[in-house]
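# turn this into a structure:
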Amino acid sequence: MNRLVLISGCSGGEKSTLLAELAARGHAVVEEPGRRIVKRELEGDGAALPWVDMVAFAHRAIQMAMADHTAAREQAGWTFFDRGLIDAAAALQHLTGEPVLEKLSVAHRYHQRVFLTPPWPEIYTTDPERRHGFDEAVAEYDRLAAIYPMLGYDIVMLPKIAIADRADFILDCLSRETRQP
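Model prediction:
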């Protein structure tokens with residue numbers, strides 16, 4: 001069984017906070033490639049920042065997400081990803097029209113269920129690593145919500161509830177699946 005679980009969706013939907021909760025419960029987690037790239041770029045020359053060169057940023061995110069996927073296959077138990085390869089490939093395809101999604105998503109499959117954080121304007125904030133506005137976040141969310149089913153994934157929408165309850169929700173969904181014959 002594929003135990004590599006994507007948590008994707010709208011920026012500012014508390015994905016990172018949710019992954020911190022899952023990590024605190026002993027699960028392996030993989031931080032969002034985009035945030036790691038932005039941190040490194042802000043410390044360096046900044047050439048691949050999303051607000052400087054989004055195409056270069058997307059290419060780096062794809063490379064990082066592929067490496068993350070490969071490394072996580074060795075983990076025992078569930079591994080939770082804050083975004084991943086499909087999000088990065090979707091961004092590149094949206095920007096350039098380059099048909100990368102299907103090719104990359106076939107070679108690097110995640111668990112069948114993808115958990116999406118819906119747009120949540122009441123909690124949305126920007127920060128030094130997330131400079132885009134809420135409207136841009138919703139547009140990205142809409143693209144992802146359409147892309148995942150086209151690639152054969154089942155979407156599970158995360159309810160707008162407390163982080164601990166969201167973690168319980170995800171773990172319950174996955175445990176019910178493993179109990180079925």
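
# can you show me the helices along the chain?
15-24, 33-43, 54-72, 85-96, 101-107, 134-150, 163-179 (DSSP state H).

# export the ones you listed as TSV, with columns for distance to Pro119, mean pLDDT and mean neighbour count.
For the C-beta atoms, the positions are set from N, CA and C on the backbone; glycine is no exception. Output for these, formatted as TSV (distance: least, CB to CB, whole Å; pLDDT from 0 to 100; neighbours: other CB atoms under 10 Å):
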stretch	distance to Pro119	mean pLDDT	mean neighbour count
helix 15-24	13	94	18
helix 33-43	18	84	18
helix 54-72	21	90	19
helix 85-96	15	90	22
helix 101-107	22	75	15
helix 134-150	5	87	16
helix 163-179	15	90	14
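
# enumerate every residue touching the residue minimising distance to the centre of the chain.
Closest residue to the average C-alpha location of the chain: Arg83 at 1.0 Å, with CA atoms, centre = their mean. Shown here is Arg83, whose contacts under the criterion CB atoms under 8 Å, 6 or more residues apart in numbering are 6-8, 15, 32-34, 65.

# try it again at 6 Å.
If you count contacts by CB atoms under 6 Å, 6 or more residues apart in numbering, Arg83 has them with 8, 32.

# mind checking how far it is from Met64?
Counting by CB to CB, to the nearest Å, the gap from Arg83 to Met64 is 10 Å.

# next one: Ala28
Plainly put, Ala28 is 16 Å away from Met64 if you go by CB to CB.

# report the contact partners of the closest residue to Tyr141 other than its chain neighbours.
Spatial nearest neighbour of Tyr141, chain neighbours left out: Cys10 (3.9 Å); criterion: CB to CB, 6 or more residues apart in numbering. By CB under 6 Å, 6+ apart, the residues touching Cys10 are 117, 119, 137, 141.

# and what of Glu177?
No residues are in contact with Glu177 under the rule CB under 6 Å, 6+ apart.

# against Ala24, how distant is it?
23 Å.

# re the thing from before, ok, so of the contacts of Cys10, who is nearest Met1?
Distance to Met1, by CB to CB, is smallest for Thr117 among the contacts of Cys10, at 23.9 Å.

# isn't the closest one right next to Gly13, touching?
Yes. The criterion here is CB atoms under 6 Å, and Thr117 meets it with Gly13 at 2.9 Å.

# which neighbours do those two have in common?
Common neighbours of Thr117 and Gly13 (criterion: CB under 6 Å, 6+ apart): none identified.

# quick check: Ala56 touching Leu49?
No. Applying CB under 6 Å, one finds Ala56 not in contact with Leu49, separated by 8.6 Å.
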